[in-house]
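**Student:** quick one, what's the 3D model for this:
(one chain, ligands or ions: 2)
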Amino acid sequence: MSQNLEKSPRGASRRSFVKRGLVAAGATTLGAGLLGKGIAFGQEEELASDASLTKGDAALLRFAAAVEILETDFWIQYNELGGIRDNEVSGGSGNPVYTSKLQKLDQDFPQYIHDNTDDEITHERFLNAYLKSKGEEPVSLEPFRVLAGSAATGSSGKPRLTNLMQLTLDTSWWTRYRSSAHNPDLEPNFKFPQAVKGLSQGEFPALPRTDADLHPSAHIQAIANTAAFHMATIEQGGSSLYPAMAQRATSVEVLRILISIGPTETMHFQTWQDKAGAAVSPPLAPLTDPTTGLFFPNLEAPPFGGELFTANLIMPEPCPFLSPSLPRCSVIRPTATKGVAMGVVNFLTSMGLFMGQSPEFFEFLKQLASEADAARREI
Ligand SMILES: [Fe+2]
Ligand SMILES: [Fe+2]
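**Tutor:** Ligands and ions are numbered 1, 2, ... in the order given. Alright, predicted model coming up:
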């Protein structure tokens, strides 16, 4: 049977091949050899490693690789100025003023930036290496590394893929995860209130653009606060993307990859949500940026507070899941799979992350997304 699978035509469904193999093996072998001895699962796992990818599985992983390359790019920008530079995450020399403002949110902020960056680098490397090991084309966005990035002290000045200088952040994930009554999968048109309305209504830097941004103190603190909200906004997106894509995987191994990387994005989200909370509670909040007018409210005080806004309510509130007639459940949301990859491209585009990128960049990213969205679980 393993011989049969090695001859499996490229792109054929592994499962359908296993099925054909079982039919050929006959009922006796099936009973005695596989089910009887209980080796079916282990054998299937082993065979999965040898099989080539379906077109859909390759597309899912290629889109994930592209997203991870983009994540790596902006996390490196954060690490250059506000993280820890070492042999795991190199580049830049640190910006003491920016770093001290991040540390007002949490003393360990630079460590968390470093570790998040390290994670994204390995996600990108693993996914591309896995694609190559299966004879698939890895993803490169290098031709699009054209953006300027920060010119402030500490920046390497290298060309970038992503823009952290003009962000517009949808911070409604804050109340989406605190709501016990609504799930976007069941009510796609429900509007969850913003945590920081100002961030959703303008264009704000999450890094000092130049050393001119390092003062006055409330301005650079607002930039650090914006970074904390940006980090959580991105990572909650990753928390939805992976389970949504996993529902389209055909190979158990590709499913395993998606459901093993996905929860690390959620660990990031959870961490950053807590740091963002420090930006919207005393002693830092309320805070108005004297340069841009951006306002960070104190979400602990009226008209905020309560279940929907209180900063330390960072565990997901149980909410309706799959059907309003079933009991509420603490879950990642949304996880609906239809059009998820294109949804992520639109989400990242509308936050301004790709401001200044070429039409070719968007064309390439959208092509990867539409191929991923066309993937279907083949069973
Ligand atoms: Fe990642
Ligand atoms: Fe991430």
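**Student:** contacts only, for His230.
**Tutor:** Contacts here follow CB atoms under 8 Å, 6 or more residues apart in numbering; on that basis His230 touches 164, 167, 169, 206, 351. Quick note: C-beta positions are derived from backbone N, CA and C, even for glycine.
**Student:** Leu348 contacts Leu70, correct?
**Tutor:** Yes - with contact defined as CB atoms under 8 Å, Leu348 counts as touching Leu70 (7.1 Å).
**Student:** now Gly238: closest residue in space, sequence neighbours ignored.
**Tutor:** Glu265 (3.2 Å; CB to CB, 6 or more residues apart in numbering).
**Student:** okay, now the one you found: neighbour count?
**Tutor:** Other residues within reach of Glu265, judged by other CB atoms under 10 Å, total 27.
**Student:** which of the contacts of His230 fall within strands?
**Tutor:** Assignment to strands by DSSP state E places none of the contacts of His230 there.
**Student:** out of the residues you listed, the closest to Phe109 would be?
**Tutor:** When the contacts of His230 are compared for distance to Phe109 (CB to CB), Ala206 comes out closest, at 13.0 Å.
**Student:** for the closest one, give its distance to Ala301.
**Tutor:** Separation of Ala206 from Ala301 (CB to CB, to the nearest Å): 25 Å.
**Student:** tell me which of these two has more neighbours.
**Tutor:** Counted by other CB under 10 Å, Ala206 and Ala301 do not tie: Ala206 has more neighbours, with 25 against 13.
**Student:** quick check: phi and psi at the closest residue to the more buried one other than its chain neighbours.
**Tutor:** Distance criterion CB to CB, 6+ apart; nearest residue to Ala206, sequence neighbours excluded, is Ala227 at 4.1 Å. Backbone dihedrals for Ala227, given as degrees, to the nearest 10, come out at phi -60, psi -50.
**Student:** model confidence for Ala227, exactly?
**Tutor:** On pLDDT, Ala227 comes in at 98.
**Student:** in the stretch 1-150 of the chain, where is pLDDT below threshold?
**Tutor:** Low-confidence segments of the stretch 1-150 of the chain (pLDDT under 70): 1-50.
**Student:** got the residues of it near ligand 2?
**Tutor:** Glu71 (CB under 5 Å from the ion).
**Student:** those helices in the stretch 1-150 of the chain, which residues are they?
**Tutor:** Remark: helices assigned in the stretch 1-150 of the chain by DSSP state H, counting those that start in this stretch are 2-6, 14-29, 40-50, 55-82, 96-105, 109-133.
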